[in-house]
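# have a look; sequence and predicted model below, questions after that.
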There are 4 protein chains.
Amino acid sequence: MAMKKAGVLGATGSVGQRFILLLSEHPEFELVAIGASARSAGKKYVDACTWKQTDLMPAQVEGLVVSECKAEAFKDCDVVFSGLDADVAGPIEKELVESGLVVISNAKNYRRDPNVPLIVPIANSEHLKMIENRVAKADCKQGYLICISNCSTAGLVAPLKPLVDQFGPLEFVSTTTLQAISGAGFSPGVPGIDILDNIVPYISGEEDKIEWEAKKILGGLNEDATEFQLDDDLLVSAQCNRVAVSDGHTECVSFKFRNRPEPSLEQVKQCLRDYVCEAKLLGCHSAPEHAIHVLEQPDRPQPRLDRNRDAGYGVSVGRIRPDPIFDYKMVILSHNTIIGAAGSGILIAELLAAKKLI
Amino acid sequence: MAMKKAGVLGATGSVGQRFILLLSEHPEFELVAIGASARSAGKKYVDACTWKQTDLMPAQVEGLVVSECKAEAFKDCDVVFSGLDADVAGPIEKELVESGLVVISNAKNYRRDPNVPLIVPIANSEHLKMIENRVAKADCKQGYLICISNCSTAGLVAPLKPLVDQFGPLEFVSTTTLQAISGAGFSPGVPGIDILDNIVPYISGEEDKIEWEAKKILGGLNEDATEFQLDDDLLVSAQCNRVAVSDGHTECVSFKFRNRPEPSLEQVKQCLRDYVCEAKLLGCHSAPEHAIHVLEQPDRPQPRLDRNRDAGYGVSVGRIRPDPIFDYKMVILSHNTIIGAAGSGILIAELLAAKKLI
Amino acid sequence: MAMKKAGVLGATGSVGQRFILLLSEHPEFELVAIGASARSAGKKYVDACTWKQTDLMPAQVEGLVVSECKAEAFKDCDVVFSGLDADVAGPIEKELVESGLVVISNAKNYRRDPNVPLIVPIANSEHLKMIENRVAKADCKQGYLICISNCSTAGLVAPLKPLVDQFGPLEFVSTTTLQAISGAGFSPGVPGIDILDNIVPYISGEEDKIEWEAKKILGGLNEDATEFQLDDDLLVSAQCNRVAVSDGHTECVSFKFRNRPEPSLEQVKQCLRDYVCEAKLLGCHSAPEHAIHVLEQPDRPQPRLDRNRDAGYGVSVGRIRPDPIFDYKMVILSHNTIIGAAGSGILIAELLAAKKLI
Amino acid sequence: MAMKKAGVLGATGSVGQRFILLLSEHPEFELVAIGASARSAGKKYVDACTWKQTDLMPAQVEGLVVSECKAEAFKDCDVVFSGLDADVAGPIEKELVESGLVVISNAKNYRRDPNVPLIVPIANSEHLKMIENRVAKADCKQGYLICISNCSTAGLVAPLKPLVDQFGPLEFVSTTTLQAISGAGFSPGVPGIDILDNIVPYISGEEDKIEWEAKKILGGLNEDATEFQLDDDLLVSAQCNRVAVSDGHTECVSFKFRNRPEPSLEQVKQCLRDYVCEAKLLGCHSAPEHAIHVLEQPDRPQPRLDRNRDAGYGVSVGRIRPDPIFDYKMVILSHNTIIGAAGSGILIAELLAAKKLI
């Protein structure tokens, strides 16, 4: 089978580097175009990029020449992954989509557009139906955009979506996050002096993202699957902290179902244990064996021990127990740069390929 | 004025060392007796103790000889501070109290006894009235026990108590804690490999302590002030995490008042800004100038920057804002070894002295 | 080809767990026997062991029953790996060897025995000739012991040995180590409160080990290869520190050759770049592609970025530059639990197999 | 006694903030002028500055208006402390000195000027004689510049200088540093992702500074005290690392005296124990009771436990022991932002006042 051609926007940044690493050994995608700022354009990647990954820069990407982020440079790509910063992503992604390209973006710019799917690929891949419909109706090649959710939102909805699908909608979700510093990028990211022996109980814009995005992902499509409909009856409260962890977001979550009687503790656990995500059913390369790992040890999940389950595509959930105020509380751990960012982008592309949408 | 004589039980442990440090420069108390396990008894303190404080061991305590923890050795003490571990504290503290001594304990053993005051000295010193009554009625010297609350409970109730006093009882309190490792003591405490680049989302027994103790402290006394009455209508939910912070517990708290309409955001802040604790009014030496510091910067309080406000006796509260589910949410920071443990013990003793109860 | 049978002594400890992980996916060795203390003996491994690795416990080892550490239980093993603590390793390893078993030990007990090879498999595998000779001369199956070097010693000699082989003996080696906490095991290992925002400038016995073991490994065998001869003309000075790093020992090393003129900076680098270890030449499964990685970036090697080169079997060397006092200085990084401990044991066993010594 | 008027250049930066904190409670100096970049000039300090200290911004400085860094704004100052970055410090400090002001600078720009004293106030205050002579000879008010040494140099020479004074010059000094992140400032300083679970074995320019500055400070003045003379026979080798410590530089140091026989271990220790710095003899306010603390515990000094000895003006030295290559080795800990930077500036000013040089 011919490899599909992939491009990466924002290739020198933190998320872009992760896209490049994940693509470098991918059996289905071949990296053919990389874009960055005008300052980097024209340089070889190895010269343009301050590589900060624990894996070495893949040899085959070292010599790739960086383009500016314009549609022309990506016109051969079957799919383009965007790791652009929000302050520049808007018009660039728009131009690419309008020129007929398929863009999967980690930027926040279009997440709230009701016509743009906001996808956590292990949770709500069903919402890609909106794209299926659009492509089916079109008489020529369609560009379209898919947004990856915020990293903390991804971890939060991963176990909640199967619960909603099985037991009906939620009334309340309260989450306090303990987020890794890799989520802040690295130029400069979180200063060392701010995080050593410390916590920063604030991440700009993050709480609002979680409170809003969860309603879109746990909501659904309208009847003809042309638009997203928020679950506005769901109340979500988030408190976000930056902590001294390199990778892996921990979330302490309480939640309450709308239906009474609520499912039993064992039903909740069994639902999560039994859950198999669509990407796995479709045989996607990166799909986790277990989208949700239900842990029974009293002190798990822990970032250092559990963040790499299923290569970072699996989310760990532990300490599921009754909550004195809501129905249940639990601890969620997700790998913020894999299932919370670049990895989700790759898995979305695999889903698109499996569904013949690219 | 003559110095009052003080003793310390569990003097070689983490909490005991803090008691000793705080007493070593105290204008009102003089350390005259220290007790530890039979293994240490008979040795000089400097030989019995692995000192782990950032301040040097006070010179005057180096040569003090460690006793066993029996009433006889403390019979001259006006007050005895207990830093004993829970597995031995019960019978020892009982023996001292029955022999007529006043014991202020950091152990959990008697916290749930309705006849034992559970005191956070910057929050519910009014509950010492139970002791005042008892002493007033007695015709001879009375031994009695006062318990210091759990460290996370102390930080939680410090700002909630003034709010309850002004705006009436709470219906819901939800807290997620990010707790410092000094709270786990140091033999061995939290292993380094468990906390570096990691979070442990579990502290044995801690959530239950918070959920229960808050109801006692935010509750009150019965009519004749002879017994505590829990606020059983209050629902508290706690999720506790150990994080890579040396000192200072952070808590992300949401809460809802029982009365409608609830106070406004500004009323809540003003109440906390205006609050002066009784210990300050009575001129207690260690009483904080501000029991509650209300911070307005978006990213505060932070452990490294704010834990030492008022020498660790002041609690910092920031990010007070509306909560989508409850009334308000906020971030609380308290120094777990000062206001959350030994420091509270000292301040309780100062209150007892000011009230002529020792 | 039939799998060789392997056993692990001290299987529940930190080093033992690493042996088990490395064996679980090994193409040449099959784990058939595990030993631990009498307290664990008779239990299934999953019940006897507090598993602390970032990889999950291999499924096939969960049900293995733990034996006591006696020769009888390991009699079918082609090779036995010992992760025993030094306080018990001596007589146990002796009994196994005397009963005809081949033991590869991480314990320090016999490292200084002139008849026991002390091997860093990427550096001085030639010293196994002592075993080859002994086996060749014997008329029956020979038990023998091979010691893995101290972890810091391994990192130190890895680049020095090829230099000595090419440019002649060293006169001075000065090293200051910055050692990871995983090297201290985890019961309890380094307490968190001792390592957060801190350095412990002392590791019991470590400096002496480095100063002595380097002389054995950088020395050689006597003429008939029956005994080790220390390089007593080599002066080694070590200062050891424990730092807040999970895995990966960093060493700042200065060294001076005995021969004048000394090799040029470029000759030193070229020697290290060209070096191929014997295990690689023999096609050993775990042998690193590059035993030594010579880095040219000014700020490398770094533990988080470079410790996993060649799966932890490769050692990184950077900042090679002239030293104002000695000839050259450089920074070495080695993975303390792989090439510095269990991984070296596995690679030694692969060498023994390749040399038909097991 | 009238307070002396002080100014601070670079007042919004990391070093400037420390100068301001130290001056805010100083009995002898009154802060009257603060300078920063043109961007900050004209603003109140509280608005111009991102305050990052663990102590709150002193109330009396909040309203001070920031000036540009020109002599005119500081003309009333008896002494001006410079926390300027090296890229701007040169011409600014020159202008102030030429206009007759006394400047004490933390910048590196003029440290190597033979006519500028390079002072570690607890070590080589005798070198201020150069200023005494110059002032004595002048017939009008003299501006002059004094440089504070590099932070690691300060810790290194603090114990070496008394040894040199008593036992004669050194032949070799080898130091490996483990430096705190506060030394890198905070805009952005060391990124969190670079220092969590990591070491950066490189600090730009640092090794060269130590190797050069030590020769100036351990050297002396020419006969008529008009110029510094480097000790060019001293060979110094430094390897510098950034580690996950907030405050406090640790150095592992080996050294050899020129004279044979070398002093005994006990003589070395006694010399350091007996040492009293001139600032203490002169009664300077900030002078440490013990400039050097000699520790006998095997695992000390440690940054978290020992950095605040004598409020950060005392240097701790431990593990003094024979070195296999040189004479002795030892571990030094110094507070990099106090005795290694701003604190040294303040203590130099106190020395100048005590010597009637301001």
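Now that the structure is in, tell me what you want to look at.
# contacts, neighbours, all on C-alpha from now
Will do.
# now do whichever strand or helix holds A:Val88, average pLDDT.
In this assignment (DSSP states H and E), A:Val88 forms part of helix A:86-98. Average pLDDT, helix A:86-98: 97.
# list the contacts of it.
Residues outside helix A:86-98 that contact it (CA atoms under 8 Å, 6 or more residues apart in numbering or on different chains): A:69-71, A:82, A:102-103, A:107-110, A:143-145.
# which of those lies closest to chain C?
For these, the residue nearest chain C by CA to the nearest CA is A:Ser82; the value is 24.7 Å.
# A:Val294 and A:Pro303: what is the separation?
Distance, A:Val294 to A:Pro303, by CA to CA, to the nearest Å: 15 Å.
# these two - which one has more neighbours?
A direct count of neighbours by other CA atoms under 10 Å in any protein chain shown for A:Val294 and A:Pro303 places A:Pro303 higher, at 27 against 22.
# any idea how far that one is from chain C?
9 Å (CA to the nearest CA, to the nearest Å).
# A:Thr250 is in contact with that residue, correct?
Yes. A:Pro303 is within contact range of A:Thr250, at 7.2 Å (criterion: CA atoms under 8 Å).
# who touches both of these two?
A:Leu333.
# are we agreed that A:Ile332 is in a helix?
No. Counting by DSSP: H, G, I helix; E, B strand; the rest coil, A:Ile332 falls outside a helix, being strand.
# I'd like to know how far the nearest residue to A:Ser24 once chain neighbours are set aside sits from A:Leu21.
Nearest non-adjacent residue to A:Ser24, counting by CA to CA, 6 or more residues apart in numbering or on different chains: A:Pro58, 6.5 Å away. Noted for A:Pro58: a distance of 7 Å to A:Leu21, by CA to CA.
# so the two - more neighbours on which side?
The neighbour count for A:Pro58 versus A:Leu21, taken as other CA under 10 Å, is higher for A:Leu21 (18 against 14).
# any idea how far B:Met3 is from that one?
A:Leu21 is 69 Å from B:Met3, by CA to CA.
# mind listing what A:Glu251 touches?
Counting by CA under 8 Å, 6+ apart, A:Glu251 makes contact with A:Ser152, A:Gly155, A:Leu156, A:Thr175, A:Thr176, A:Thr177, A:Leu178, A:Val331, A:Ile332, A:Leu333.
# just to revisit the earlier point, name the member of the contacts of helix A:86-98 with the most neighbours.
Neighbour counts for the contacts of helix A:86-98 (other CA under 10 Å) peak at A:Ser82, which has 29 neighbours.
# what are the bridge partners for that one, then?
A:Leu9, A:Ser105 (DSSP bridges).
# residues contacting stretch A:11-25, please?
A:8-10, A:29-31, A:34-36, A:45, A:48-53, A:55, A:57-58, A:60-61, A:81-84, A:106, A:185-186, A:337, A:341-343, A:346.
# so which of those residues are in helices?
Among those, the ones falling in helices (DSSP state H) are A:Tyr45, A:Ala48, A:Gln60, A:Val61, A:Ala342, A:Gly343, A:Ile346.
# any idea how many residues pack against the fifth one?
It refers to A:Ala342. Count around A:Ala342 with other CA under 10 Å applied: 29.
# so what's it closest to, chain neighbours aside?
A:Ala342 sits nearest to A:Phe19 (CA to CA, 6+ apart), 5.4 Å away.
# okay, the one you found and chain B: tell me how far apart.
24 Å.
# for that residue, what is the enclosing helix or strand?
helix A:14-24.
# show the average pLDDT along that helix.
Across helix A:14-24, pLDDT averages out at 97.
# just the helices in the stretch 151-300 of chain A please.
Here the stretch 151-300 of chain A has its helices, by DSSP state H, counting those that start in this stretch, at A:151-167, A:192-195, A:206-217, A:265-274, A:278-281.
# got the angle for the first one vs helix A:265-274?
Pointing back at helix A:151-167 there. Using axes from the mean of the first three to the mean of the last three CA atoms, to 10 degrees, the direction of helix A:151-167 lies 110 degrees away from that of helix A:265-274.
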